[in-house]
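Engineer: below: sequence and its predicted model.
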Amino acid sequence: LNYGHMPPWLAYFLPSLAVTESPVYFKEQFLDGDDWTSRWIESKHKSDLGKFILSSGKFYGDQKKDKGLQTSQDVGFYALLPRSEPFSNKSQMLVVQFTMKHEQNTDCGGGYVKLFPSLDQKDIQVGSGSLRKIGTSCPSKR
């Protein structure tokens, strides 16, 4: 910036700009191969729940860096949670960001991120109540 040619109002505004860093409660990038299994808990509630695998999927920019969890079968129920410590964001905004890629051509299917107050992670059920449910059902409906 050339401060000699700066509008006077901008000179008063710039010092008030501050970069803030918010706490990150959870972040997963799957950059260490199958070690993700030590950080995630698959539900043991039902024996017929589907299994997740690590994959880049059919479409990716960088096959090694663009990995994520993929359902191993086209049809089924899945339940998986990250090992995480309890946290509170009382009186603060909570931002949840995730990327989901549906590559199958299904009539109805969906994926969700659910936020729970607390629960037994190994006994999570497909219908377990949550504080917030983020995601879509039947994404390929036209």
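Structural biologist: Arrived safely. Numbers count the residues shown, from 1 in each chain.

Engineer: quick check: pLDDT value at residue 97.
Structural biologist: Note on residue 97: pLDDT of 85.

Engineer: go on, the one 10 residues further on?
Structural biologist: For residue 107, the pLDDT comes out at 67.

Engineer: gap between stretch 43-57 and the chain center?
Structural biologist: 16 Å (C-alpha atoms, centre = their mean, to the nearest Å).

Engineer: so where's the chain uncertain?
Structural biologist: The chain contains residues with pLDDT under 70 at 1-19, 106-107, 109, 125-142.

Engineer: could you redo the last one with a cut-off of 50?
Structural biologist: 141-142 (pLDDT under 50).

Engineer: which residue lies nearest the spatial centre of it?
Structural biologist: Centroid-nearest residue in the chain, with C-alpha atoms, centre = their mean: residue 98, separated by 3.7 Å.

Engineer: for that one, which non-adjacent residue is closest in space?
Structural biologist: residue 113 (5.5 Å; C-beta to C-beta, 6 or more residues apart in numbering). Placement of C-beta: from N, CA and C, glycine included.

Engineer: dihedrals phi and psi, that neighbour?
Structural biologist: Dihedral pair for residue 113: phi -110, psi 130, per degrees, to the nearest 10.

Engineer: now swap in residue 34 and tell me
Structural biologist: According to degrees, to the nearest 10, residue 34 has phi -70, psi 0.

Engineer: what count of nearby residues applies to it?
Structural biologist: Neighbourhood size, residue 34 [other C-beta atoms under 10 Å]: 9.

Engineer: before we move on, what about the one 10 residues further on?
Structural biologist: Counted by other C-beta under 10 Å, the residues lying close to residue 44 total 13.

Engineer: need phi/psi at the residue nearest to it when sequence neighbours are not counted.
Structural biologist: Of all residues not flanking residue 44 in the chain, residue 122 sits nearest, at 4.9 Å (C-beta to C-beta, 6+ apart). Torsion angles at residue 122 (phi, psi; degrees, to the nearest 10) stand at phi -80, psi -10.
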